[in-house]
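3D model of this:
(one chain, ligands or ions: 1)
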Amino acid sequence: MANQQFDLFIDKLQSLISSRELIKLVISNQRDHSSDLKSIVITLIDIKKGTRLNFVYRYKTKDTTKNYDPGEAMILIRKSLEDDFLNADLFSGKETLRLLITEHGKVKIRSNQPAMKQVADFSHDRRKERVIATENNIYLRELGILNSNFELRKEMTDKYLQVNRYIELLEPFIRELELPVGFHVADMGSGKGYLTFALYDYLTGTLGKPPVMTGVESRKELVKICNDIAGKAAFTNLKFNTGNIREAELAKVDILIALHACDTATDDAIFRGITSGASLIVCAPCCHKQIRKELDVKNDLKGILKHGILEERQAEIITDGLRALVMEAHGYKTKVFEFISTEHTPKNLMIVGLKIHGKPAVIKKSLEQIRAIKEMFGIKMHYLEELFVTHDKS
Ligand SMILES: C[S@@+](CC[C@H](N)C(=O)[O-])C[C@H]1O[C@@H](n2cnc3c(N)ncnc32)[C@H](O)[C@@H]1O
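All right, here's what the predicted structure looks like:
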């Protein structure tokens, strides 16, 4: 591609590689929308033979990885941008440089403040002891968090930290529970299973309380991948089933997890947990749409909620607040908190419900608060409550 801006971007990249200041290059926005390859994430790594560029090819349902020497890597990057992709984001400690190519071949570069810091050194001697160990960890390798030598892949550092943080947060709640032998954990919307495998590993290995665990996921290709990994890791009591959170057949659930299940799928999961009498319900909601559509504010809050972004945030707070209150109204003690800094993921709110013998006065108060909040915001239909209404009628 004969273009000054393009060449400038390539020169910048070359110089960041030479000075070892490159944090990450992300190539994205496929020209061919039907292609399964969605993006390529490129970082510097050191192997015995010297410095290489690690390419993670992100496909729709899997990642593959390959290392190239810098010369070879530059040829491949140039070719990807000329033939296949329209965007590239170049991260260094000094700036973030975005390359934008239009379908007609026009090229622009935008420079922004640095979005990332140089990641910590994860060499063996400096690594903090983590609750999920990397040594010979087959599922972390199969999930692409570790490379084939069981070393943490730099570009998967955030995911590894998130997995650890999640287990560290659950630990005190799980330790409070009196769990029967062969207790059942259900992970609703288990996705690629990062957190499912880690929890199974922690319960079985660290805590010495082996569960029977089920991942429920609507995408059958992910279910297959996860069952294959469970087989390789010899996690015999962990199974993934294709199904919908709302109707999936489940044995009695003791611990129910739903992380980043979209919109009302989180409500379906909470409903399944409550009606199964789960001792612990943990969810990290995302994509709050249902309540926002219901908002019909007639009071002075209108002056604030006329701003779209404030209405969106308010709807999220109401949605998650009502979820916690519904759990309280069903005899759960709840806690709502941020589980990892937004630097790692914007979807970072966690709602935890621990089953207690709820006092009638607390239950009554929760129900009154739900009613008052709905009235204040003009909410006529609340999906989670509606599930109970339908359930009680049948
Ligand atoms: C954002 S991913 C999160 C995956 C995983 N829980 C995590 O936190 O890494 C949400 C997953 O939930 C699945 N999902 C969403 N709604 C669902 C439903 N109603 N029934 C089953 N799976 C669902 C999606 O297919 C997707 O894989």
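
those strands in the chain, which residues are they?
With DSSP state E, the ranges of strands along the chain come out as 22-30, 37-47, 50-59, 63-68, 85-92, 96-101, 107-112, 184-188, 212-217, 238-242, 255-262, 280-286, 332-338, 349-355.

quick check: D296 touching M381?
No - D296 is beyond contact range of M381, at 10.9 Å (criterion: C-beta atoms under 8 Å). Yep, even glycine has a C-beta here, placed from its N, CA and C like the rest.

out of the strands of the chain, which comes closest to the ligand?
Of all those, strand 255-262 sits nearest to the ligand, with 3.5 Å by C-beta to the nearest ligand atom.

ok, and what's touching stretch 167-177?
Residues outside stretch 167-177 that contact it (C-beta atoms under 8 Å, 6 or more residues apart in numbering): 131-132, 198-199, 202-203, 207, 254-255, 279-280, 282, 339, 350, 352, 354.

mind listing what the residue of the stretch 151-300 of the chain found nearest the ligand touches?
Taking C-beta to the nearest ligand atom, the ligand has its nearest neighbour within the stretch 151-300 of the chain at G191, 2.4 Å off. Counting by C-beta under 8 Å, 6+ apart, G191 touches 217, 219, 222, 260.

could you measure from K364 over to Y332?
Separation of K364 from Y332 (C-beta to C-beta, to the nearest Å) stands at 15 Å.

these two: which is more packed in?
A direct count of neighbours by other C-beta atoms under 10 Å for K364 and Y332 places Y332 higher, at 25 against 12.

now the more buried one, nearest residue through space, not along the chain?
Sequence neighbours aside, G353 is the residue nearest to Y332 in space, at 3.6 Å (criterion: C-beta to C-beta, 6 or more residues apart in numbering).

out of the strands of the chain, deepest packed?
Of all those, strand 184-188 has the most neighbours on average by mean count of other C-beta atoms under 10 Å, namely a mean of 26.

averaged over its residues, what pLDDT does stretch 165-173 have?
Stretch 165-173 comes out with an average pLDDT of 90.

quick one: buried residues of that stretch?
165-167, 169-170, 173 (16 or more other C-beta atoms under 10 Å).

also stretch 69-89?
Using 16+ other C-beta under 10 Å as the test for burial, stretch 69-89 gives 73-74, 76-78, 80-81, 85-86, 88-89.

make TSV out of those residues and add distance to D36.
Compiled in TSV, those are given as follows (distance: C-beta to C-beta, whole Å):
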residue	distance to D36
A73	22
M74	25
L76	18
I77	20
R78	22
S80	15
L81	19
F85	14
L86	17
A88	19
D89	21
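
one step back: mean pLDDT and distance to the ligand for the strands of the chain - can I get that in JSON lines?
Converted to JSON lines, the strands of the chain look like this (pLDDT from 0 to 100; distance: least, C-beta to the nearest ligand atom, whole Å):
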{"stretch": "strand 22-30", "mean pLDDT": "93", "distance to the ligand": "18"}
{"stretch": "strand 37-47", "mean pLDDT": "87", "distance to the ligand": "15"}
{"stretch": "strand 50-59", "mean pLDDT": "86", "distance to the ligand": "15"}
{"stretch": "strand 63-68", "mean pLDDT": "84", "distance to the ligand": "14"}
{"stretch": "strand 85-92", "mean pLDDT": "94", "distance to the ligand": "22"}
{"stretch": "strand 96-101", "mean pLDDT": "93", "distance to the ligand": "25"}
{"stretch": "strand 107-112", "mean pLDDT": "91", "distance to the ligand": "27"}
{"stretch": "strand 184-188", "mean pLDDT": "98", "distance to the ligand": "7"}
{"stretch": "strand 212-217", "mean pLDDT": "98", "distance to the ligand": "5"}
{"stretch": "strand 238-242", "mean pLDDT": "98", "distance to the ligand": "9"}
{"stretch": "strand 255-262", "mean pLDDT": "93", "distance to the ligand": "3"}
{"stretch": "strand 280-286", "mean pLDDT": "93", "distance to the ligand": "6"}
{"stretch": "strand 332-338", "mean pLDDT": "92", "distance to the ligand": "15"}
{"stretch": "strand 349-355", "mean pLDDT": "94", "distance to the ligand": "11"}
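
chain center to stretch 209-226: distance?
Centroid separation for stretch 209-226 versus its chain: 16 Å, with C-alpha atoms, centre = their mean, to the nearest Å.

appreciated, that's everything.
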